[in-house]
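Novice: Sequence and predicted structure are below.
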Amino acid sequence: MIRQAVAALLSALLLSGCGRGANEPQIERNPGAVDAYRLDFRFEDAPGPFSKVRAVAVYRVENEECVKALPFSGAVLPPEYKLDLSLKPLGQDRYEALFHRDALRDADYFGLGLCRWKLQHVAIFFSSPATAFTAALFNPQDPADRIEPIQSHFLHRDYFNKPQPITLVFGERAGFYPPDQGAQFRIAISAEPR
């Protein structure tokens, strides 16, 4: 439940289009990135095709002591970086992409010591003619752990009619929707080391 709430917040931020603030540093890509993963996702039992399919890797500085506090409030907000992934269609309902856990360069961005970036999750966004949907694959806390595959479930009726007042429908775990809610479709997402 906490992961879904975090995913909802992060996905809302992704859609907001907020740019880099005037006091934020220019984030650098890691030219020596080696921790590569192949993202694979497919739609199952969807009632129709999807458009605007995209995938975004979301990173955050994990050690907030390297980040300057905000003026006035004194709050410390670790920076986030969203990296659009290049999707390769593998048929009508399946896609793949490459991403790196170490895509961003750890550096002293604020003059307070080395900032260490960590992949938070990979978000998938897709749309039916009526509704925008999202699901996320989370990076484990321990970098030695495997990225676990997931299946996110959605209702057929939401494909045809956007639920109000929701602007973005989030995938749910298996069993979340009772049978009387009608037919469902799924997105299966996995990532394997390359």
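Specialist: Good, I have the coordinates.

Novice: wait, doesn't residue 119 sit right on residue 140?
Specialist: No: because the distance of 9.8 Å does not satisfy C-beta atoms under 8 Å, residue 119 is recorded as not touching residue 140. (Each C-beta comes from the backbone N, C-alpha and C, glycine too.)

Novice: higher neighbour count, these two?
Specialist: Between residue 119 and residue 140, counted using other C-beta atoms under 10 Å, the more crowded position is residue 119 (25 against 11).

Novice: What does the residue nearest to the more buried one when sequence neighbours are not counted show for phi and psi?
Specialist: Once its chain neighbours are removed from consideration, residue 119 has its nearest residue in residue 139; the separation is 4.4 Å (C-beta to C-beta, 6 or more residues apart in numbering). Its backbone dihedrals place residue 139 at phi -80, psi 130, with angles given as degrees, to the nearest 10.

Novice: now residue 139: how far from residue 44?
Specialist: Noted for residue 139: a distance of 24 Å to residue 44, by C-beta to C-beta, to the nearest Å.

Novice: you'd agree residue 158 is in a helix?
Specialist: Yes: assigned with DSSP: H, G, I helix; E, B strand; the rest coil, residue 158 falls within a helix.

Novice: what's near enough to touch it?
Specialist: Counting by C-beta atoms under 8 Å, 6 or more residues apart in numbering, residue 158 touches 128, 130-131, 133, 169.

Novice: Settle it for me: which of residue 139 and residue 44 has more neighbours?
Specialist: residue 139 (21 against 13).

Novice: how many neighbours does residue 136 have?
Specialist: The criterion is other C-beta under 10 Å. On that basis, residue 136 has 25 neighbouring residues.

Novice: That one pairs with what?
Specialist: Beta-bridge partners for residue 136, by DSSP bridges, are residue 123.

Novice: I'd like the distance between it and residue 117.
Specialist: Distance of residue 136 to residue 117, given as C-beta to C-beta: 18 Å.

Novice: can you pull out the helices in this structure?
Specialist: For the chain, helices defined by DSSP state H occupy the ranges 2-16, 156-160.

Novice: which of those has the lowest average pLDDT?
Specialist: Within the helices of the chain, the stretch with the lowest mean pLDDT is helix 2-16, showing a mean of 45.
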